[in-house]
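Participant: Here is the input, now give the coordinates:
(chains A and B)
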2 protein chains.
Amino acid sequence: MLEKVLRVNALYDFYQPLLTPKQQEYLNLYYLNDFSLGEIAEKSQVTRQAVHDNLKRAEHALEAFEEKLGLFHKHEVRLSVISEMRALSGHLNSEEREKLDSFLSELENLD
Amino acid sequence: MLEKVLRVNALYDFYQPLLTPKQQEYLNLYYLNDFSLGEIAEKSQVTRQAVHDNLKRAEHALEAFEEKLGLFHKHEVRLSVISEMRALSGHLNSEEREKLDSFLSELENLD
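Facilitator: Coordinates of the predicted model:
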C-alpha cells in the first residue's frame, strides 16, 4: 500500500493540472490528507462507492498520462544523471564548482 | 506564419500523445506535410470548414497543455542551462570532460 501511495503521489505531482477538479479533490483528500473513503463521501455528499470509483478512475488517468508522456520516468533518469554529474566537480576550481552546482540545482528544480 | 508553424511543431513534439487520433492526423498533414486545408478535406471526405475548425481546436488544445504542464518552456530552459554547462568543461581532464559531455547529451536527448 505504501508503494501505491508513493506512486500516486509522484504521478500526481506531474499530472495534477490534467485531472478534473473533482479528481484532484478526491486524490488530495485521500492520498495527501489521509481522509478515509467514508469521510470523503460524507464531506462531498455522495456514496462511498462513488468516491471509490472516482479515485480508481483518477489513478488510471494518472497511469495513462505517465504511459503517454513518461514525465515521472524521465524525472528519475534526470535525477540519476545529475547525481553522477556532481561527482565530476572535483577538478574544477571553486568558482567553477559553484557554477556547476548551481546549474545542477537549477536542472533538479525544473521538474 | 513561420513563427506559428514552428510553435505548433514544437508543442506537437511534446503533447502529441494527448491529442485525439483525428487531431494528430490533421496537424500532421497540415503542419508537418504541408497539405492545404482543401487537400485534407478531400482526403478525409469532410468539408474544408470542418478541417479548419478541427485544426483550430487542436492548436488550442496544444496551447492549453503547455499552459498546464509547461514542457516546452522547461525544455528551452534546460537546453540553455546545458549549453552554459558545456562551457565549464575546460578545466576537467579529458576523461572527465568526456563523461560530462556524455551526461549533458543524455539530458539533452531525454525530452
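
Participant: which parts of chain A sit against chain B?
Facilitator: Chain A has residues A:14, A:17-18, A:65, A:68-69, A:71, A:74, A:77-78, A:81-82, A:84-85, A:88, A:91-93, A:96, A:99-100, A:103, A:106-107, A:110-111 near chain B, with proximity defined as Cβ under 8 Å from any Cβ of the partner chain. In short, each C-beta sits where N, CA and C put it, glycine included.

Participant: are any of those residues buried, and which?
Facilitator: Buried residues within the residues of chain A next to chain B, counting neighbours by 16 or more other Cβ atoms under 10 Å in any protein chain shown: A:14, A:18, A:65, A:69, A:71, A:74, A:78, A:81-82, A:85, A:88, A:92, A:96, A:99-100, A:103, A:107.

Participant: Neighbours of A:L6, how many?
Facilitator: Using other Cβ atoms under 10 Å in any protein chain shown, A:L6 has 11 neighbouring residues.

Participant: If you could redo that for A:L55, that was the one I meant.
Facilitator: A:L55 has 19 neighbours, counted by other Cβ under 10 Å.

Participant: Now do the buried residues in stretch A:41-61.
Facilitator: Buried, per 16+ other Cβ under 10 Å, within stretch A:41-61: A:A41, A:V51, A:N54, A:L55, A:A58, A:E59, A:A61.

Participant: from these, which is closest to chain B?
Facilitator: A:A61 (11.5 Å; Cβ to the nearest Cβ).

Participant: who touches the closest one in this structure?
Facilitator: A:A61 sits next to A:Y15, A:L18, A:L19, A:Q23 when contact means Cβ atoms under 8 Å, 6 or more residues apart in numbering or on different chains.

Participant: Mind checking which of these land in helices?
Facilitator: A:Y15, A:Q23 (DSSP state H).

Participant: hang on, the earlier thing: and the buried residues of stretch A:41-61 as TSV, adding distance to B:F35, secondary structure and pLDDT?
Facilitator: Compiled in TSV, the buried residues of stretch A:41-61 are given as follows (distance: Cβ to Cβ, whole Å; DSSP: H, G, I helix; E, B strand; the rest coil; pLDDT from 0 to 100):
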residue	distance to B:F35	secondary structure	pLDDT
A:A41	51	helix	96
A:V51	47	helix	96
A:N54	41	helix	95
A:L55	43	helix	96
A:A58	38	helix	97
A:E59	39	helix	96
A:A61	33	helix	97
